[in-house]
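Colleague: Just to be clear, the model below is a prediction. Sequence and coordinates:
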Amino acid sequence: MSGVDQWTLIGVAQATFVGLAVAGCLTNRRRVLVTPLYALAALASLVMLIAALGALFASDAVVVSKRLLPVGLPDIKSHLRLDGLAAVFLVIVNIAAIAAALYGVGYDAHTPEPARVLAPFPLFLAGMNIVPLADDAFTFLVGWEFMSLASWLMVLAGHDREENRRAALVYLTMAAFGALALLMAFGALAGAGGGYSFDAMRAMTPSPGIATLAALALLLGAGSKAGLAPLHVWLPLAHPAAPSHVSALMSGAMTKVAIYALMRGLLELAGPPQWWWGGLLAVIGALTAALGALQSLTQTDTKTVLAFSTIENIGVIAAALGLAIAFRASGQPLEAGLALVAALFHALNHGLFKSLLFFGAGAVLHSTGTRELDRLGGLIHRLRWTAPLVLVGCIAISAVPPLNGFASEWLVFQSILDATSLQHWELKFTTPLIGALVALAAALAAASFVRFFGIAFLGRPRDAAAAQAHEVSPAMLAAMAGLAALCLAFGAWPGVPLEPLARVAAAAADPSGATTLLFVGGGDGHTAWLAVAPRGNLTAAYSGMMAALGLAALTGIAVGLASLVSGARARRGPAWDCGFPDPNPATQYTASSVGQPLRRIFGSVVLAARDRVDMPPAGDQQPATLTSTIRDPAWHFLFDPLIAAINRATERVNALQFLAIRVYLSLMFAALIGLLIIVAVAR
Amino acid sequence: MTGLAFDIAHLLGALVLTLSFALLYQRRLSAAINVVAMQAAVLAAAAAWQAVTRDAGHLFVTAAIALIFKAIAVPLLLHWLIRRLNISTTVEAAFGVTLTMGLGVGVSTLSILLVLPLTAGETLLLREDLAFALAVALIGPLLMIARRNAVIQVVGFMSMENGLILAAVGVKGMPLVVEASVAFSVMVATFIFGVFFFHIRERFDSLDVSRLEEMQGERHS
């Protein structure tokens, strides 16, 4: 496909988004518009996906196609650029967007005021598409802010609830902080000459001080959007507050756009990367992963569990990206390419299964009306189609073979094992720690999703709502089924998505283009669909399809043997209940009780998890109570003191508002005299 | 410039500054108004003398504005205002006269220390004129904060403005002198109407409290 066609497709899709946003305002009055508008949004996203795939598969070389639009600031205009890295993230964003729009058809069919979501929804999609395409700081920030503000509006869609309003406020504050940090980063990189186009930044090599400043600002700005600790605090509030398909987009796609900003900024724009940027990012990523996984285990709200799990996965991606930067700074392009491909592949996979899981949580919310895990149970009997689809997502995110989550986390661990070859002894010593934290996070995440699926879908219903749940609409099921199919396919044949990702990563990790051979058959004209071997030989290889066939064979043998032994006919009987039959479903394991051991082991220090039992004295009629408390260390050590300090300062400064005019005049006069004295003395 | 012309210009500049000091220790409102009127008259003379010696006709306009508007019209208006609003004619001081005079001497010294080194290389008249003008312009706000009377704020503002005009007429080739003096006169007039319409009587720090607090918003804790 030629470049012109891609830009035409992109232009048509973006114009459609803008038109849809206008039309979306009308949906409160004309409810028939909801379905066609979502369908058009899905179609426009499909067009974007086709354009991005076209760029990704155009030829063996990574295509760079540029456009200059005559809009924007007079001296900058709007530069657009479609290259491999941008195409990868456009693919991630638009797969999730297509599924979310399809899901929205069913999900928003009966909401009272659909315009609250349908007006900002297309703008959100447009913003997430503009950011990867942007080739100057101005266009980038415009897209970024569209993304932030549109998603903020959708977090506010349920503004009748107090906690949603608080979530939106925290989110907006953090988004403003992040945008400010990015603005500073671009300002530092543009230099005094004001070269705000990314081409100018690539051409210029900033001094080490400026580059470090810009890298740290990028880390703050993009990291706050991605959800890296300790700037993650908005994410578990805002992501669950939005409608489920928007939550899916925010977790599955928007955090990836932030990862894109980190990649683009740290690898390309901030000059030659320094090794400690990568080390810092990897350590932050590993800590984020462990913290997110641990906290997802302690939550009892389905969507909050998923939001914390997003933090965990972003941490894993950031750790891999950090290693890629460190490898590249140490002059090891092959290892850098592997780490980067791991980060990209995990970003792609997380976009798939996290969207799927949020859709699943939305389906549960839609059919039961609750997000409380402890009020669910037994849904596998009521949601016969949703349950297996969610199970696919749970297995994938738990990194269990043969699904795609395993393939990408395996690659991440491969590059962590590579890190012993790094030159700097600081990194040599840190990488085992990073590996241990990421491994801990993976294990905790698996436990968290066993709990998630087991409590919500297995057992007996704990609540009337769960007992009377009904299956969701076909559109919602179709969205989930599509994503689940992709999860299965990318798990069985990871070589297929890895082939273009490896090309992109090779180009990004080694601008000279020497690194092409990353995988078995990578440069030889063979396809790598059967097995993935990251070192180009067979010291470490993984074949998703073999794993799938092997597991299927083992399962078949086990099931066959079991049915042979037990007799052919299936019988239904009461569940084993330790010989103590109790008809009350409240006696089942709850989400809290499943999480409690891990909460006590790992959470008592990090999260200050405490359980307090108030037992009334004998003879007292009062009920005994158990109070469990946890706290997020980021709130406790950073944000609460910060907010308190700001409040104290504003109360002090507030006194300035109630002075007499003469005192204001005196202050101004004193300031003037002070300045004059400085001039008189300093000259 | 001949010796006599220089001496007269210098004398007029010094006189403006002296009247500023005179303003600082006035205890009665009407006396303060009279002093500032005299200051404006001397300023008019200074501007006119500059117009004659530098052969700059537009400075006559400045002189005329200073004389008619600031030396005659505004003082008359202020006297009428005092009678009309029953403002007591004594001025309540926020700082004592000694402190005020001390501060006045301080800002004058600062002006001289500041201006003389900055303008090294210029003519002596310009340098001293600018130092006087800056001192006058600083004593004006000093008066505004040292007294609690609303009308004296107008007087202080006028005195400050006299200093600015003095600086403007002293500098050769200064553009927009006439326009500046017109603009400042309009500001003075607005100030006076503000005092009149808001019925600000005695104190500038305890005037129409209810009206002002509406603008300040809610007071916290």
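Modeller: Perfect, thanks for sending it. Residues are numbered from 1 along each chain as shown, chains lettered A, B, ... in the order given.
Colleague: for the residue lying closest to residue A:494 once chain neighbours are set aside, what are its contacts?
Modeller: Leaving out its chain neighbours, the residue that sits closest to residue A:494 by C-beta to C-beta, 6 or more residues apart in numbering or on different chains is residue A:407, at 3.9 Å. In short, each C-beta sits where N, CA and C put it, glycine included. Applying C-beta atoms under 8 Å, 6 or more residues apart in numbering or on different chains to residue A:407 gives the contacts A:345, A:349, A:401, A:490, A:491, A:494, A:532, A:542, A:544.
Colleague: Check residue A:629 too.
Modeller: A:608, A:609, A:610, A:612.
Colleague: Make TSV from the residues you listed and add distance to chain B and neighbour count to it.
Modeller: Shown next, in TSV, are the contacts of residue A:629 (distance: C-beta to the nearest C-beta, whole Å; neighbours: other C-beta atoms under 10 Å in any protein chain shown):
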residue	distance to chain B	neighbour count
A:608	31	13
A:609	35	21
A:610	33	13
A:612	33	9
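Colleague: my guess is the residue nearest to residue A:494 is in a strand, correct?
Modeller: No. Secondary structure of residue A:407 (DSSP: H, G, I helix; E, B strand; the rest coil): helix, not part of a strand.
Colleague: how about the helices in chain B?
Modeller: B:3-24, B:29-54, B:58-65, B:74-85, B:97-118, B:124-146, B:150-170, B:177-197, B:209-216 (DSSP state H).
Colleague: Can you tell me which of the contacts of residue A:407 is closest to chain B?
Modeller: residue A:349 (50.1 Å; C-beta to the nearest C-beta).
Colleague: picking up where we left off before, same list, the helices of chain B, but as CSV with distance to residue A:37 and mean neighbour count please.
Modeller: Below are these laid out as CSV (distance: least, C-beta to C-beta, whole Å; neighbours: other C-beta atoms under 10 Å in any protein chain shown):
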stretch, distance to residue A:37, mean neighbour count
helix B:3-24, 73, 18
helix B:29-54, 71, 22
helix B:58-65, 67, 19
helix B:74-85, 67, 17
helix B:97-118, 68, 17
helix B:124-146, 62, 23
helix B:150-170, 62, 25
helix B:177-197, 56, 16
helix B:209-216, 46, 9
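Colleague: Compare these and say which comes out lowest on pLDDT.
Modeller: Looking at the helices of chain B, the lowest mean pLDDT belongs to helix B:209-216 (a mean of 50).
Colleague: which stretch of helix or strand covers residue A:93?
Modeller: Using DSSP states H and E, residue A:93 sits within helix A:84-107.
Colleague: make that residue A:675, sorry
Modeller: helix A:661-682.
Colleague: Return the alpha-carbon coordinates of that helix using PDB.
Modeller: Provided in PDB are the C-alpha atoms of helix A:661-682 (Å, rounded to 0.1, in the frame of the first residue of the first chain):
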ATOM      1  CA  ILE A 661      -6.100  48.400  50.800                       C
ATOM      2  CA  ARG A 662      -3.500  50.500  52.600                       C
ATOM      3  CA  VAL A 663      -1.700  47.300  53.600                       C
ATOM      4  CA  TYR A 664      -1.700  46.000  50.100                       C
ATOM      5  CA  LEU A 665      -0.200  49.400  49.000                       C
ATOM      6  CA  SER A 666       2.400  49.100  51.700                       C
ATOM      7  CA  LEU A 667       3.400  45.600  50.500                       C
ATOM      8  CA  MET A 668       3.700  46.800  46.900                       C
ATOM      9  CA  PHE A 669       5.700  49.800  48.100                       C
ATOM     10  CA  ALA A 670       8.000  47.600  50.200                       C
ATOM     11  CA  ALA A 671       8.500  45.300  47.200                       C
ATOM     12  CA  LEU A 672       9.300  48.200  44.900                       C
ATOM     13  CA  ILE A 673      11.800  49.700  47.400                       C
ATOM     14  CA  GLY A 674      13.300  46.300  47.900                       C
ATOM     15  CA  LEU A 675      13.800  45.800  44.200                       C
ATOM     16  CA  LEU A 676      15.300  49.300  43.900                       C
ATOM     17  CA  ILE A 677      17.700  48.500  46.700                       C
ATOM     18  CA  ILE A 678      18.700  45.300  45.000                       C
ATOM     19  CA  VAL A 679      19.400  47.300  41.800                       C
ATOM     20  CA  ALA A 680      21.400  49.900  43.700                       C
ATOM     21  CA  VAL A 681      23.500  47.300  45.600                       C
ATOM     22  CA  ALA A 682      23.900  44.700  42.900                       C
END
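Colleague: Flag every buried residue along it.
Modeller: Neighbour counts over helix A:661-682 (16 or more other C-beta atoms under 10 Å in any protein chain shown) mark A:661, A:662, A:665, A:666, A:669, A:673, A:676, A:680 as buried.
Colleague: Run the angle between that helix and helix B:97-118 for me.
Modeller: Here helix A:661-682 runs at an angle of 40 degrees relative to helix B:97-118 (axes from the mean of the first three to the mean of the last three C-alpha atoms, to 10 degrees).
Colleague: quick one, helix A:661-682 and helix B:124-146 angle?
Modeller: Counting by the same axes, to 10 degrees, helix A:661-682 lies at 150 degrees to helix B:124-146.
Colleague: Packing partners of helix A:661-682?
Modeller: Packed against helix A:661-682 by the contact rule (3 or more C-beta pairs under 8 Å, 6 or more residues apart in numbering or on different chains; DSSP states H and E) you find helix B:97-118, helix B:124-146.
Colleague: Could you provide the ones you listed in CSV, with additional columns for distance to chain A?
Modeller: Shown next, in CSV, are these (distance: least, C-beta to the nearest C-beta, whole Å):
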stretch, distance to chain A
helix B:97-118, 5
helix B:124-146, 4
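Colleague: With respect to residue A:430, which of those helices lies nearest?
Modeller: Closest to residue A:430 of these is helix B:97-118 (C-beta to C-beta; 57.6 Å).
Colleague: quick one, the closest one and helix B:3-24 angle?
Modeller: 150 degrees.
Colleague: mind exporting helix B:97-118 as CSV, just the C-alpha atoms?
Modeller: Extracted in CSV, the C-alpha atoms of helix B:97-118 (Å, rounded to 0.1, in the frame of the first residue of the first chain):
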residue,chain,number,x,y,z
VAL,B,97,5.6,62.2,61.5
THR,B,98,9.1,61.5,62.5
LEU,B,99,9.1,58.0,61.0
THR,B,100,7.4,59.3,57.9
MET,B,101,10.0,62.0,57.4
GLY,B,102,12.7,59.5,58.1
LEU,B,103,11.4,57.2,55.4
GLY,B,104,11.1,60.1,53.1
VAL,B,105,14.8,61.0,53.6
GLY,B,106,15.5,57.3,53.1
VAL,B,107,13.8,57.0,49.7
SER,B,108,15.3,60.2,48.6
THR,B,109,18.8,59.0,49.4
LEU,B,110,18.0,55.7,47.7
SER,B,111,16.8,57.6,44.6
ILE,B,112,20.0,59.6,44.4
LEU,B,113,22.2,56.5,45.0
LEU,B,114,20.3,54.7,42.4
VAL,B,115,20.0,57.3,39.7
LEU,B,116,23.4,59.0,39.8
PRO,B,117,25.5,56.0,39.0
LEU,B,118,23.0,54.7,36.5
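Colleague: Flag the least confident of the contacts of residue A:407.
Modeller: Per-residue pLDDT puts residue A:532 lowest of the contacts of residue A:407, at 73.
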